[in-house]
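Chemist: here's a sequence, model it:
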Amino acid sequence: MSMKRSAYEKWSTGSQLGRITNWAANGCTMAELASNMGISPSTLYKMQAEHPDVAEAIEGGRGMSVQHVENALFRSALGLDYEESETTEEQTAPDGSRRVIVRRSRTKVKPSVSAQIFYLKNRAGYRDNPAPRTGDAASGIPDDPLSAALDDVARGLEDGRHGA
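Modeler: Next up is the predicted model:
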């Protein structure tokens, strides 16, 4: 059983694929995309499976939304500094003329430790429970070069080889 060609034909043009991408970038679920397109979710899934251009439009939009969230997370991890403005009108003269007042304020938001932890775990490979260090477990000597060099210096100090 094949999907009606008319549904795909309606959504296969550049501008229509752009709309799909935009909706996906704004966080629409597959059910919401289907509703926006006037088709059933099953038709959308079938269209996505059979037509790479539709699949690319959806995935491209989702990629954009992920990038926006990553950028917001990063800014939150570093802290934010932004300006807010409030516009009010006051009647100042008997002739009815009005004066516009704009009040601006700078707001500083402290860096979010939670966002920093999340970012480092997901982007820099940090872990809560790092794997046990490798090396000679019986002697307690780690096998990384820096630790080995520091151990050599410490042994030299004990033996009186390095100045002091």
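
Chemist: other SSEs contacting the top helix by length along the chain?
Modeler: If you go by DSSP state H, the chain has its longest helix at helix 52-78. With contacts defined as 3 or more C-beta pairs under 8 Å, 6 or more residues apart in numbering; DSSP states H and E, the packing partners of helix 52-78 are helix 14-25, helix 41-50, helix 113-123. All C-beta atoms are positioned from the backbone trio N, CA, C, and that covers glycine.

Chemist: possible to save these as CSV with mean pLDDT, mean neighbour count and distance to residue 146?
Modeler: Output for those, formatted as CSV (pLDDT from 0 to 100; neighbours: other C-beta atoms under 10 Å; distance: least, C-beta to C-beta, whole Å):
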stretch, mean pLDDT, mean neighbour count, distance to residue 146
helix 14-25, 95, 16, 45
helix 41-50, 94, 16, 51
helix 113-123, 89, 13, 21
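
Chemist: quick check: residue 116 touching residue 75?
Modeler: No. Using C-beta atoms under 8 Å, residue 116 is not in contact with residue 75, being 11.7 Å away.

Chemist: next, residue 27: secondary structure please.
Modeler: At residue 27, secondary structure determined by DSSP: H, G, I helix; E, B strand; the rest coil is coil.

Chemist: for it, give me the pLDDT.
Modeler: Note for residue 27: predicted pLDDT of 93.

Chemist: what's the mean pLDDT across whatever helix or strand residue 147 lives in?
Modeler: In the assignment (DSSP states H and E), residue 147 maps to helix 145-159. Per-residue pLDDT values across helix 145-159 average out to 71.

Chemist: returning to that earlier point: okay if I get the helices and strands packed on helix 52-78 as JSON lines plus distance to residue 34?
Modeler: Shown next, in JSON lines, are the helices and strands packed on helix 52-78 (distance: least, C-beta to C-beta, whole Å):
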{"stretch": "helix 14-25", "distance to residue 34": "10"}
{"stretch": "helix 41-50", "distance to residue 34": "4"}
{"stretch": "helix 113-123", "distance to residue 34": "31"}
